[in-house]
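Visitor: Build me a structure from this.
(chains A and B)
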Amino acid sequence: MVHSEGGTAPVMAAGAGRIDREDRRTVGSPLVADPRMTCRNVDVYYGEKHAVRGVSLDIAKNEVIALIGPSGCGKSTFIRCLNRMNDPIEGCRVEGKILLDGMDIYDRSVDVVPLRAQVGMVFQKPNPFPKSIWHNVAYGPKIHGLAKDRYELDGIVERSLQRAGLWEEVKDRLDQPGTALSGGQQQRLCIARALAVEPEIILMDEPCSALDPIATAHIENLIDELRANYSIVIVTHSMQQASRVSQRTAYFHLGDLIEVGRTEIVFTNPLHPLTEDYITGRFG
Amino acid sequence: MTPGWILIAILALSAVGYYMGRRRSQFVAGRGEGGAVKLHSRPTYYGALAALACGIPALLLFTVWRVSEESIITRLVVSGLPEAVRALPEGGLDLAVNDIKNLASGNIVSGEIDAGMRAAADHYLRLRSISHGALAVCSLALGIAALLLVLRLITPRLRARNAVERVVNALLIVCSSIAVFTTVGIVLSILFEAIRFFRVVPVTDFLFGLEWSPQMAIRSDQVGSSGAFGAVPVFTGTLMIAAIAMAVAIPLGLLAAIYLSEYAAPRVRAILKPSLELLAGIPTVVYGFFAALTVAPAIRNAGEALGLDVSSESALAAGLVMGVMIIPFVSSLSDDVIHAVPRSLRDGACALGSTPSETIRKVVLPAALPGIVGSILLAVSRAIGETMIVVMAAGLAANLTANPLKAVTTVTVQMVTLLVGDQEFDSPKTLAAFALGLVLFVTTLCLNVVALGVVRKYREQYE
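Guide: So this is what the prediction gives:
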């Protein structure tokens, strides 16, 4: 059984003793009081494959929520639903409701282009465009017409690079190719690029998995600062990272959302035996 | 033993060498104190080393011997000929030697066979069989000696793999330089003929002359032109047709590539791409028919309807059809290049809220530009080198005109008309073809160099 009763709130297991290992219902606190994004019973299929099973999860304002779980558990697939990046994938089907500020993003009337400007994304591998640093950051504002003239555009570029903590390092060489930066700088450039279009939510799909520890620390500090203005959803394989940067943590297991809770609780006192197996290293 | 059998024997010996080398290495490996010793390389490398040592010197000897054999034997036969024959002028002596060789191999000879010739032919045959016998003995002995030496040298510590890899490396260098040397050979052969042409016609007249009329009077009493070798009309014709072809092929090919790689559903792509590539497989003669029989009359009719004066063979017809012919060069290569732009760049653009069209115009195409320039360049080379369509659809008249509705001619067409049929190779008319070829070669070379520079510049900027 995937999930029991249609749209009702998932089982709250607070204080419950042992939960059956085979129980795939979400435990913990997936819902919050004043959510920015609401997902209800989201199912994703790749052709015949049922990749995400009935996930219900809220994303609060000004929080970092970490999605953890073994490879292939559906966390990347789920995060890509939040800005409809799965649309172009052949045979991919999304069911359920995903609301952004009360608007159903999978509704027919919704245009996916402004949606993706509202929900920015940073990828696993830094992917700066083969253009100059300036053009990388100015790309988004230009296509969305956010600046009236070059002067305003310069302002946006500078502000975005500053927020991404990259300005001091690159301010004298904005005309150099973005691909010539180091890996960590490239990833911050990609974050600056996403910030330049003024998103509300930033999705990060393993943003540090291709970076060295120093660059990773840099990005983690940045994520913590960005929380003041944005909601951030981060997929990570590093449990240390999840515990360092996030306020809430969601554990996925083979397509099911098993447990959601405050990060310190999930990592110190998990409710579900599967979560405990994973964080203590007994699973895969 | 004929040379063919000697060759087979050397190769067989080499194969035997392979097995002996492998066996030997396994034997020496098993003989070490305290059981098997670890070989430096895998046994097959010892076998390969033995085979190479056995085969390469023997084959080198075989080649050198065969190359020099003929001239040495001929000289020996000539020195044995009677004084009267040896005193003949060069041509006569050559003829006599040829007769002797023909007699020896049983072919028809030019004159009467006398006893002296018969003796010389016997002498020739005897020398040749001695040579072949000696070659067989020497090369096989060399191969066996080398094999025995290597077998003695095989120890577990012999670095057989490194030696074999050095030889393979050298082989790869030889293979890659063959193409280069062929190019050099082609250039030199054109160059020397072109120099002969420029002795008769000054270079400046050829490069800057405005009239092309290569017909020359062959006999002094013949009524004919004296020949004018100004290449400008021919080159403008080439450039005009190539420009028309590119004006067709670049937009159509590039847009087709964008559709195929970005918009087409996989099933459509699976049908459309091979059908487009089919265009490249149609013989150019067939395109020529099409241009001459369908497109050119259609253009003339359309032109007449508009009140224009269109000749029945026009640069426009040839250029249009040539453009269609080279669409697959542009589209297929560009499609591959666009496809090779990493998925992550598209995802990045998509995640910033780009529409598919913005993604393609602002991210994918700039990233793919070096490859696209390369594909266009290849298409230009095709357009300049194409002959058949122009022969059939654009005519042979070397008009100096910028009007695409007139008949023009191209460099390649003129080269064909100059060289087809029986030609004397001391006339400027024939030699002019080589001069045209040289200039064409230099032109396309410059084009390639320029385009390579463009590609490199963008690559530095973008990657």
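Visitor: How far does the helix or strand harbouring residue A:202 sit from its chain's centre?
Guide: Secondary structure assignment for residue A:202, by DSSP states H and E: strand A:201-205. With C-alpha atoms, centre = their mean, to the nearest Å as the basis, strand A:201-205 stands 3 Å off its chain's centre.
Visitor: So is stretch A:113-132 next to chain B?
Guide: Yes - contact of stretch A:113-132 with chain B (C-beta under 8 Å from any C-beta of the partner chain) involves A:113-117, A:120-121, A:123, A:125, A:127-131. Every residue, glycine included, has its C-beta placed from N, CA and C.
Visitor: What subset of those residues is buried?
Guide: The neighbour-count criterion (16 or more other C-beta atoms under 10 Å in any protein chain shown) marks A:113, A:115-117, A:120-121, A:123, A:125, A:127-131 among these as buried.
Visitor: Just give the nearest non-adjacent residue to residue B:256, would you?
Guide: Nearest non-adjacent residue to residue B:256, counting by C-beta to C-beta, 6 or more residues apart in numbering or on different chains: residue B:331, 4.2 Å away.
Visitor: mind saving the C-alpha coords of the helix or strand where residue A:277 lies as CSV?
Guide: Following DSSP H and E, one finds residue A:277 within helix A:273-279. The C-alpha trace of helix A:273-279 is given here as CSV (Å, rounded to 0.1, in the frame of the first residue of the first chain):
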residue,chain,number,x,y,z
PRO,A,273,13.1,2.5,11.5
LEU,A,274,14.1,3.1,7.8
THR,A,275,15.2,6.6,8.6
GLU,A,276,17.3,5.3,11.5
ASP,A,277,18.8,2.7,9.3
TYR,A,278,19.8,5.3,6.7
ILE,A,279,21.3,7.9,9.1
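Visitor: State the mean pLDDT of that helix.
Guide: What helix A:273-279 shows for mean pLDDT is 89.
Visitor: what residues does the stretch 251-400 of chain B put near chain A?
Guide: By the rule C-beta under 8 Å from any C-beta, the part of the stretch 251-400 of chain B lying against chain A is B:266, B:342, B:344-345, B:347-355, B:358, B:362-363, B:366-367.
Visitor: repeat that for 7 Å
Guide: Within the stretch 251-400 of chain B, the positions near chain A by C-beta under 7 Å from any C-beta of the partner chain are B:344-345, B:347-348, B:350-355, B:358, B:362-363, B:366-367.
Visitor: I'd like to know which of those residues are buried.
Guide: Among these, those scoring as buried are B:345, B:347-348, B:350-354, B:358, B:362-363, B:366-367 (criterion: 16+ other C-beta under 10 Å).
Visitor: For stretch A:73-82, buried residues please.
Guide: A:73, A:74, A:75, A:76, A:77, A:78, A:79, A:80, A:81, A:82.
Visitor: Just the residues contacting it, thanks.
Guide: Applying C-beta atoms under 7 Å, 6 or more residues apart in numbering or on different chains, the external contacts of stretch A:73-82 come out as A:37, A:42, A:44, A:51-52, A:55, A:67, A:69, A:86, A:94, A:98, A:119, A:203, A:205, A:233, A:235, A:252-255.
Visitor: Buried subset of those, written for PyMOL?
Guide: The following PyMOL line selects those of the contacts of stretch A:73-82 that are buried, judged by 16+ other C-beta under 10 Å:
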select buried, chain A and resi 37+42+44+51+52+55+67+69+86+94+98+119+203+205+233+235+252+253+255
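Visitor: rewinding a little: restricted to strands, list the residues of the stretch 251-400 of chain B next to chain A.
Guide: Among these, none falls in strands (DSSP state E).
Visitor: just those residues now: which is nearest residue B:282?
Guide: Distance to residue B:282, by C-beta to C-beta, is smallest for residue B:367 among those, at 32.4 Å.
Visitor: so what does the top helix by length along chain B touch, helix or strand wise?
Guide: When chain B is parsed with DSSP state H, its longest helix is helix B:160-200. Secondary-structure packing of helix B:160-200 (3 or more C-beta pairs under 7 Å, 6 or more residues apart in numbering or on different chains; DSSP states H and E): helix B:43-79, helix B:428-462.
Visitor: show me the contacts for residue 84.
Guide: In the absence of a named chain, this looks at chain A. A:105, A:112, A:115.
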